[in-house]
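# here you go, sequence then predicted model.
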Amino acid sequence: TIDNFFVPFYFMVAFFAGPGIAWVLERVLAAAQAGPGVRKAAAVLAVAALGGATAMSNAPHCDQRKYLLSWDYGMNILKSTPPNALIRCAGDIDILPLWYLRYVEQRRPDVQVVTCQHLPYDWYRRSIAREDPRLRLPYGDMLVPMEAAGEMLMKIALYYRPVVYTFIFTRPFMQKFPSRVRGILWEVVPENKVHEPYDVRENDRLFGSFLLRGCLEPEVYKDDYTQVLVDSYGTARDATGFVALREAGTAGQSARAMENWYRTAIHEFKRAMPLRSLQAQSAIRANMGAAYRSLGDVGSALAMNQGE
């Protein structure tokens with residue numbers, strides 16, 4: 001959102017609105033020849049009325065009692081993370097819940113979380129090295145650009161520990177590191193394991209353990225950042241379904257195995273739909289239609305592509 005950038009303007013308007021309202025009230029009461037006591041009472045009532053009206057109109061939109069999305073998101077990331085892993089985050093959306101859970105609640109002390117936003121700073125690179133001395137990056141006069149530093153960090157870590165990163169990263173980044181879906185994370189696949197079998201059904205087990213409180217409830221407040229968070233769940237299931245669809249087309253499989261892969265793909269696509277944007281849902285419907293068509297279910301395939 002950009003609302004927070006208007007806060008200085010709001011403060012300025014509020015600062016001048018107070019004297020302005022007082023001036024208008026003073027003029028009105030003077031014209032009515034009201035006494036000092038009446039003027040004070042009117043001023044108090046005016047302030048109370050304005051404050052009360054503002055509070056009543058904004059309270060439903062500011063109620064955070066049911067907002068558990070960030071805590072759940074952080075917990076679901078930790079559930080998706082293999083032991084002793086390095087988690088690379090893109091920014092405040094994904095790193096803040098993890099910082100709280102990791103360093104305040106002391107959950108998963110075996111994992112280390114880093115964020116791209118702070119990599120340009122020496123103090124942050126030093127803090128990474130304090131937690132894991134093997135992850136020592138250049139700093140000072142030898143400082144390297146943020147993206148290069150992040151990639152260097154991941155390449156070093158891959159020699160001795162799993163590396164995962166969040167779905168907030170874009171496709172060009174994923175092309176630099178062969179990755180596969182693990183829960184709501186991408187797990188970097190080392191070169192010597194790229195051709196190992198990958199069972200997407202394990203992701204379904206992980207998804208079944210996730211907390212998704214507030215993701216689909218319209219009454220729970222969601223800003224633009226929260227929508228990115230919710231979309232990452234849908235992206236994970238969408239990507240899992242796509243992998244299953246790709247596996248179904250692999251040569252040399254039995255008819256039963258292909259059918260199972262197609263049904264797994266449909267299962268994942270269905271669960272991705274309510275969590276994705278309308279634009280993304282269009283592509284999901286097309287993939288579901290392809291899976292139904294491969295199963296011989298022409299009616300369902302046509303229904304998926306209705307209006308496309």
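Ah, there it is.
# going forward, measure contacts between C-alpha atoms and count neighbours the same way
Will do.
# please tell me how far Val181 sits from Arg205.
13 Å (CA to CA, to the nearest Å).
# compare the two (neighbour count), which wins?
Neighbours per residue, other CA atoms under 10 Å: of Val181 and Arg205, the larger number sits with Val181, 24 against 11.
# isn't that one right next to Gly241, touching?
No. Using CA atoms under 8 Å, Val181 makes no contact with Gly241, being 10.2 Å away.
# list of residues touching stretch 224-241?
1, 69, 73, 93-94, 167-168, 181, 183-185, 200, 203, 215, 264-269, 271-277, 284 (CA atoms under 8 Å, 6 or more residues apart in numbering).
# no, scratch that, I was asking about stretch 150-168
81-90, 94, 116, 119, 134-135, 137, 184-188, 190, 228, 232, 235-236.
# residue ranges with poor pLDDT in the stretch 201-308 of the chain?
The stretch 201-308 of the chain contains residues with pLDDT under 70 at 251, 306-308.
# how about the helices in it?
For the stretch 201-308 of the chain, applying DSSP state H, counting those that start in this stretch gives helices covering 201-208, 224-248, 255-272, 278-294, 298-304.
# I'd like to know which of these lies nearest to Val47.
Smallest distance to Val47 across those (CA to CA): 32.9 Å, for helix 224-248.
# which residues belonging to that closest one are considered buried?
228-245, 247-248 (16 or more other CA atoms under 10 Å).
# same deal with stretch 73-90?
Within stretch 73-90, the residues that count as buried by 16+ other CA under 10 Å are 73-82, 85-90.
# all helices of the stretch 51-200 of the chain, in order?
Going by DSSP H, counting those that start in this stretch, the stretch 51-200 of the chain shows helices at 69-80, 92-99, 122-131, 146-157, 171-176.
# among the ones you listed, which comes closest to Val13?
Nearest to Val13, of all those, is helix 92-99, at 29.6 Å by CA to CA.
# tilt between that closest one and helix 69-80?
Calculated by axes from the mean of the first three to the mean of the last three CA atoms, to 10 degrees, helix 92-99 forms an angle of 70 degrees with helix 69-80.
# and helix 92-99, what other elements does it pack with?
helix 69-80, strand 112-115, helix 224-248 (3 or more CA pairs under 8 Å, 6 or more residues apart in numbering; DSSP states H and E).
# what's the distance between the second one and the middle of its chain?
Between the mean C-alpha point of strand 112-115 and the mean C-alpha point of its chain there is a distance of 15 Å (CA atoms, centre = their mean, to the nearest Å).
# since that was my last question, I'll sign off now.
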